[in-house]
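Participant: no letters, just coordinates:
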C-alpha cells in the first residue's frame, strides 16, 4: 500500500510541478501589478479623494481577478490528485509486465 502511494506520487509529480510553477509565476506577476497599483495609491494620497477611491477599487478588482486565477489552478491541482487509481494500477501492471518480458 505504501509502495503504491509512492508510485502514484511519482507519476503525479511532473504535472504537479508544472502546476506549482504556474502558481509561482502567477503570484510573481500579480505581486508586481499589485505593487504598481499600491505605488499609485501612495502617490495619490496627497491628492484628491475621488481618484484615490477609483484606484482602491482597481486594486480590489485586481485582487479578485488574481484569486480566480489561483482558484482555477487549485482546482487543476485537485483534479490531478484525484486521478483514477484503477487506471493508474493498470499502467503500473503494464509497466511491470514490460520489465518482466525484457528480463
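Facilitator: That came through, no problem. These numbers come from a predicted model, not from an experiment. Numbering: from 1, shown residues only.

Participant: quick check: mean pLDDT of the strand or helix carrying residue 21?
Facilitator: Element membership for residue 21, per DSSP states H and E: helix 2-44. For helix 2-44, the mean per-residue pLDDT is 63.

Participant: try stretch 75-89
Facilitator: The model assigns stretch 75-89 a mean pLDDT of 64.

Participant: what's the burial count for residue 72?
Facilitator: 12 (other C-beta atoms under 10 Å). Every residue, glycine included, has its C-beta placed from N, CA and C.

Participant: ok, now residue 58?
Facilitator: 13.

Participant: start at 280 instead
Facilitator: All set: I'll call the first residue 280, so the last point we hit is now residue 337.

Participant: for it, which three-state class applies?
Facilitator: Classification of residue 337 by DSSP: H, G, I helix; E, B strand; the rest coil places it in helix.

Participant: and it, what pLDDT?
Facilitator: Residue 337 is given a pLDDT of 72.

Participant: since that was my last question, I'll sign off now.
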